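In: 3D model of this:
(one chain, ligands or ions: 1)
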Amino acid sequence: MHRRIFVLGGLGGLSGLGAAAGPRSSGPAYPFSMGVASGEPAPDSVVLWTRLAPFPLAEDGHGGMSSADITVEWQVSATPSFARPVARGTSTARFADAHTVHAVAGGLAPDAEYYYRFRAQGHHSPTGSTRTAPAPGASARDLVVLAASCANLEAGHFTAYRRMAEERPGLILHLGDYIYEGAGKPGHVREHLGPEIVTLAGYRRRYGQYKSDPDLRAAHACAPWLAVPDDHDVEDDFAGTHRLDDRPPLTPAQWRIRRDAAYRAYREHLPLRPGSRLHRRVGWGRLATFHMLDTRQFRDPQACGGGYRACPGADRPARSLPGRAQEAWLLDGLAQHRATWDLIGQQVFFAEQVNAAGVANMDAWDGYRASRDRLQRGWVERRVRNPVVLTGDVHTAWANDLKADYADPASRTIGTELVCTSITSRGDGSRVTRIPTGAVNPHLRFYSDRRGYLRSTLTPAEITADFRAIDAVSTPGAPVRTLRSFKIQNGRPGII
Ligand SMILES: [Fe+2]
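Out: Next comes the predicted model:
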């Protein structure tokens, strides 16, 4: 089956749905300007997302919609003609939810590819491609998973999202910083609308601006996503209920309102399963289990006030990055040994990276060393065969061996970490591939300062990890190329 992204146009056989697609000249304005998305693939269901917003940049955050709730129809089909939909239903796009829709399309076949679309106010949405997961215990076809993070609209064009769509992946992991919260600053490639966002209307409008980008919409329409937020989806470097600093100045009540608004807007605009926790597991037959972590909401504050520091307090055993409950949840899931590969999708740098002066990033797992040790020892004790950590946040690409004892380079390699660079953050970057701190951290094996994403091809025998890079985000349309490829073999942690 060809899995292409296209805008529906003039297809027949749509009993009761009409055939008009795209902007119309009369009647309500075209409401699907923010595109479609899918996510959370299960063996029998997938979440379908859209938002009605004829004017996504409207300052009130309501996208040009009135206060009426609107009924939206959706269809799922095995073919792009939708001649015989296999599932259909209606959802209510509520004003209270900024007219976002999260429809759970159920009754689907496992390990199958589908097309989907919506209809509302006399208009059809674009058509998206999605798929379901293989059944528990079932053997699975090879799977191409893309991982991405950190798409600051001001830092560049979203070309990497376009190239991701062209890969026709089976699944996309978005590891945080889907939006950036900062004020518009002139002099960049593009400019955020408005001041730093602290209100629900502001976050909704920011999603409207980001989803106005056709490259981002293409990445959503091509495959199901598993997305987790990081700090910039809310506020730079926040930790749990704590702010790292009082910028912008907010009272505690204002901060609570901001945080709630940011999470609410994130849930509204990403194809998450309604009511689901952000840390969750998604099975992919016998091939893989995806453990998605939330490393922001439950963390202790950064040690020594955050930043890059030599901080003995970072070692305190009581400190946790995901929180003790989520640590236990992760280890319980890893102990189930449901699949060949245990992929841990999360936000911040996992491997130790300490410079010669003992300075490390207090926002990353180096600032929560006991928490990392508990997880690493925990998966070794549980004989987890193939743990692979997938990471965003640092705006550069890395491949790391995870060590039983980072102070001893000869100690066992007990896992692997792949860090996916950014979509745009940090700008064009450079050709530099010399590993920062590599001399004192020999387990860090690869580094690149280019923008792009990570492509992992999963088979029962091995993972092939390709670091995909684009050389420019300051100009549109850059091609993508593979900078380096690594293998991870079943039963042999670490990259080769
Ligand atoms: Fe970022």
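
In: Point to the residue nearest the middle of the protein.
Out: For the chain, the residue nearest the mean C-alpha position is H174 (1.3 Å; Cα atoms, centre = their mean).

In: Surely that one is in contact with P224?
Out: No. Assessed by Cβ atoms under 8 Å, H174 is found out of contact with P224, at 11.1 Å. (Each C-beta comes from the backbone N, C-alpha and C, glycine too.)

In: sorry, back to before: check the spacing between the residue nearest to the centre of the chain and the ion real quick.
Out: Per Cβ to the ion, to the nearest Å, H174 is found 12 Å from the ion.

In: Could you give the backbone dihedrals for the residue lying closest to that residue once chain neighbours are set aside?
Out: Spatial nearest neighbour of H174, chain neighbours left out: A227 (4.0 Å); criterion: Cβ to Cβ, 6 or more residues apart in numbering. A227 has phi and psi values of phi -120, psi 140 when expressed as degrees, to the nearest 10.

In: what's around A227, how many residues?
Out: For A227, the tally of surrounding residues (other Cβ atoms under 10 Å) stands at 25.

In: Show me the shaky parts of this protein.
Out: Scanning the chain with the threshold set as pLDDT under 70 gives 1-26.

In: just checking, next helix/strand downstream of the longest helix along it?
Out: Criterion DSSP state H: the longest helix present in the chain is helix 252-269. The first helix or strand that comes after helix 252-269 along the chain, using DSSP states H and E, is strand 280-284.

In: Give the other helices and strands that that following strand contacts.
Out: The contact analysis (3 or more Cβ pairs under 8 Å, 6 or more residues apart in numbering; DSSP states H and E) places strand 280-284 against strand 288-292.

In: what's the burial count for the closest residue to the ion within the stretch 351-496 of the chain?
Out: With distances taken as Cβ to the ion, the stretch 351-496 of the chain approaches the ion most closely at S425, which sits 4.8 Å away. Other residues within reach of S425 by the criterion other Cβ under 10 Å amount to 25.

In: tell me which parts of the stretch 301-450 of the chain are close to the ion?
Out: Those residues of the stretch 301-450 of the chain that sit near the ion, judged by Cβ under 5 Å from the ion, are S425.

In: in the stretch 51-200 of the chain, which spans are strands?
Out: Assigned by DSSP state E, counting those that start in this stretch, the stretch 51-200 of the chain shows strands spanning 70-77, 87-93, 100-105, 113-120, 123-124, 128-131, 143-148, 171-174.

In: among those strands, which is nearest T416?
Out: Closest approach to T416 among the strands of the stretch 51-200 of the chain (Cβ to Cβ): strand 143-148, 13.2 Å.

In: hang on, the earlier thing: and the residue nearest to the centre of the chain, what does it touch?
Out: Taking Cβ atoms under 8 Å, 6 or more residues apart in numbering as the criterion, H174 is in contact with 147-149, 225-228, 270.

In: does it have beta-bridge partners, and which?
Out: With DSSP bridges applied, H174 shows beta-bridge pairing to A148, A227.

In: what about the residue of the stretch 201-350 of the chain found nearest the ion, helix or strand, and which?
Out: Residue of the stretch 201-350 of the chain nearest the ion, by Cβ to the ion: H232 (5.5 Å). Under the criterion of DSSP H and E, H232 resides outside all helices and strands.

In: Starting from A472, give me the distance back to it.
Out: 22 Å (Cβ to Cβ, to the nearest Å).

In: Between these two, tell me which one has more neighbours.
Out: Remark: of H232 and A472, H232 carries more neighbours, 23 against 17, as counted by other Cβ under 10 Å.

In: how close does that one sit to S33?
Out: Computed as Cβ to Cβ, the H232 to S33 distance reads 24 Å.

In: Most neighbours among the contacts of H174, which one?
Out: Neighbour counts for the contacts of H174 (other Cβ under 10 Å) peak at S149, which has 30 neighbours.

In: So for that one, what's the nearest residue that isn't a sequence neighbour?
Out: Counting by Cβ to Cβ, 6+ apart, S149 lies nearest to G392, which is 2.6 Å off, once chain neighbours are set aside.

In: Check the gap between that neighbour and R369 for me.
Out: From G392 across to R369, the span is 20 Å (Cβ to Cβ).

In: These two: which is more packed in?
Out: More crowded of G392 and R369, by other Cβ under 10 Å: G392, with 28 against 20.

In: who's in contact with that one?
Out: Counting by Cβ under 8 Å, 6+ apart, G392 touches 147-150, 175-177, 230, 347-348, 419-420, 422.

In: can you check V47 too?
Out: 38-40, 102-105, 224, 271-274 are the contacts of V47 under Cβ under 8 Å, 6+ apart.

In: If we use 6 Å, what do you get?
Out: Listed by Cβ atoms under 6 Å, 6 or more residues apart in numbering, the contact partners of V47 are 39-40, 102, 104, 271, 273.

In: Helix or strand: which one has it?
Out: In the assignment (DSSP H and E), V47 maps to strand 46-51.

In: how about that strand as CSV, C-alpha atoms only?
Out: Output in CSV follows, covering the C-alpha atoms of strand 46-51 (Å, rounded to 0.1, in the frame of the first residue of the first chain):
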residue,chain,number,x,y,z
VAL,A,46,-5.5,4.8,17.3
VAL,A,47,-6.2,8.3,18.4
LEU,A,48,-7.2,10.7,15.6
TRP,A,49,-6.7,14.5,16.1
THR,A,50,-7.7,17.7,14.5
ARG,A,51,-8.7,21.2,15.6
